[in-house]
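In: coordinates for the following, if possible.
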Amino acid sequence: MAAFEITILSGKGGTGKTSVSAAFARLAERAVICDLDVDASDLPLLLRPEVKESHVFESGVVAHLDTVRCRSCGLCVTWCRFDAFSEDADGVVLDPDRCEGCGVCAHFCPSGAVTMQPRICGSWFRSETGYGPMMHARLDPGQENSGKLIALLRQEAARLAAERGIPLILGDGPPGIGCPAISAVGGTGFVVLVTEPTPSGLADLVRAADLCAHFDRPAGIIINKADLAPARAAEIEDLAASRGLPVLARLPFAEGAMRALVEGRSLLDLPETAPALHGAWEALCGHALRGVSR
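Out: Just a heads-up that it's a prediction; the model follows:
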């Protein structure tokens, strides 16, 4: 039987999504942990994974200029709409960071000096943590196709879960509702939406809930720092009720939370947040994991 997949989203950054993900990874006991925030992967900072496998991530193509074969005819400079090619006193110069991979330069190059080669966009890893195996990645600065890399991580996590007979995949998703979040949500079993009682938190929660509804994914809500703005938290609860989304937990504000995270400790180690996180996990199991062996 395929592993059940839970994805934790936020609609925006800074809501405590990764802190909740790290706590759930510890409570799950038998799960493949997957950090799907490939643009700014920070779950490894809390779980301290030991890398066992490292792989190059390639996506798309980029122009390569053979300066020996180049005749400096300038056709690539003329045809490139992205100004990846230029000319100086020594001949034609290629700036690969400007290349969009369209291939028009290679098509028109009369000497075959320009070829299109796979673009290396980053790396992905299979690691081990104290709480189970982990899949994570690092997208190189300025590179795109994070959605494709997220899909690859989910595929590898499912394969690893099948190999080891692990029934659960726990994914720490990316912020926002763009391509990375879409890649993380599609086909997942349950989505946990972590929000905070602020105007931006509520607005982005609406967008994240709309995303889940669009892809017909069941979801539940965790309100982080709920006691800092009770009226705003009540608005979030009203939204949840209107959409039929369970509120899995209301996490209190904890002064020691930032220090704990800096020291690489879990919010489960804090007396203010530990009971609510245990309750959130039990509620999540009740809503999402019925019939899944843990």
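
In: looking at this, Glu272 is in a strand?
Out: No: when the secondary structure is assigned by DSSP: H, G, I helix; E, B strand; the rest coil, Glu272 falls in coil instead of a strand.

In: list the residues that contact it.
Out: Applying Cβ atoms under 8 Å, 6 or more residues apart in numbering, we find Glu272 in contact with Pro252, Phe253, Ala254, Gly256. C-betas here are computed from N, CA, C, even on glycine.

In: same thing but at 6 Å, please
Out: When contacts are counted by Cβ atoms under 6 Å, 6 or more residues apart in numbering, Glu272 is found next to Pro252, Ala254.

In: for it, give its distance to Leu205.
Out: When Cβ to Cβ, to the nearest Å is the yardstick, Glu272 and Leu205 sit 23 Å from each other.

In: the helix or strand encompassing Phe125 pairs with which strands, and in what direction?
Out: Phe125 is part of strand 114-129 when elements are defined by DSSP states H and E. Looking at strand 114-129 with DSSP bridges, its paired strands and their directions are strand 50-65 (antiparallel), strand 132-139 (antiparallel).

In: tell me which of those strands sits most buried.
Out: Ranked by mean neighbour count under mean count of other Cβ atoms under 10 Å, the strands paired with strand 114-129 are led by strand 132-139, which reaches a mean of 24.

In: counting by contacts, list what the longest helix that the chain contains packs against.
Out: Among the segments of the chain that qualify as a helix by DSSP state H, the longest is helix 146-164. For helix 146-164, the contact count by 3 or more Cβ pairs under 6 Å, 6 or more residues apart in numbering; DSSP states H and E identifies strand 32-35, strand 132-139, helix 179-185 as packing neighbours.

In: next, the buried residues of stretch 260-278.
Out: Neighbour counts over stretch 260-278 (16 or more other Cβ atoms under 10 Å) mark Ala260, Leu261, Ser266, Leu267, Leu268, Leu270, Thr273, Ala276, Leu277 as buried.

In: ok, which pair from the residues you listed is furthest apart?
Out: Leu261 and Ala276 (16.4 Å; Cβ to Cβ).

In: for the closest residue to Asp140 other than its chain neighbours, give me the pLDDT.
Out: Excluding its sequence neighbours, the residue lying closest to Asp140 (Cβ to Cβ, 6 or more residues apart in numbering) is Gly122, at 4.7 Å. Among the per-residue scores, Gly122 shows a pLDDT of 94.

In: Gly122 reaches His136, doesn't it?
Out: No: here Gly122 lies out of contact with His136, judged by Cβ atoms under 6 Å, at a distance of 11.0 Å.

In: check the offset of stretch 155-167 from the chain's centre.
Out: Relative to the mean C-alpha coordinate of its chain, stretch 155-167 is positioned 18 Å out (Cα atoms, centre = their mean, to the nearest Å).

In: I'd like the numbering to begin with 48 instead of 1 from here.
Out: Let's use 48 as the start, then, which means that last one is stretch 202-214.

In: buried residues in that stretch, which are they?
Out: In terms of neighbour count (16+ other Cβ under 10 Å), stretch 202-214 has its buried residues at Glu203, Ala204, Ala205, Leu207, Ala208, Ile213, Pro214.

In: for Ala110, state which of those is nearest.
Out: Within the set of the buried residues of stretch 202-214, Glu203 lies nearest Ala110; the separation is 29.6 Å, counting by Cβ to Cβ.
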